[in-house]
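K.L.:
fold the stuff below for me.
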Amino acid sequence: MSRLVAEVRDAAHDYLELVTLETRLTVTMLVRIAIVGVFTALLLVSAWLALLLSAVLGLITVGVSPVLAALLVAGSNLLFALAGWFWIKRLSQWLGWGATQRAIKSAPGGEPQRDAT
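P.N.:
Numbering: from 1, shown residues only. Reported below is the predicted structural model:
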């Protein structure tokens, strides 16, 4: 009986350790997502300002050169914002406590499922 209690206690300890590690990973990913989100928002704002600047320059000037320069700056800012969005999408795959959920769900024999990797 004491062996069963020890095994249950060890299993509970293992699950709690897994939850702790996955929570730490989730918090790290959320902080990264927040930081990338802030930088992406700044890039979008600067792209918007560059687009406004190009519209104003287009109305004020007749030449193509200043407007073209402003549009190039806005386009490059939009590309950087798109790169940030893809980065956030890639970082978000680590959210969700996947290993904990797989460990809690048991295989038909009562053993925790193992990844094939």
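
K.L.:
confidence score at the residue nearest to Leu78 when sequence neighbours are not counted?
P.N.:
Using C-beta to C-beta, 6 or more residues apart in numbering and skipping residues adjacent in sequence, the residue nearest Leu78 is Ala47, 5.0 Å away. C-betas here are computed from N, CA, C, even on glycine. Turning to Ala47, the model gives it a pLDDT of 86.

K.L.:
now name the helix or strand holding Ala47.
P.N.:
Using DSSP states H and E, the element containing Ala47 is helix 2-60.

K.L.:
next SSE downstream of that helix?
P.N.:
As assigned by DSSP H and E, the chain's next helix or strand after helix 2-60 is helix 65-91.

K.L.:
report the buried residues of whatever helix or strand comes next after that next one.
P.N.:
Per DSSP H and E, the first helix or strand lying C-terminal to helix 65-91 is helix 98-104. Residues Thr100, Ala103 are the ones in helix 98-104 that count as buried (16 or more other C-beta atoms under 10 Å).
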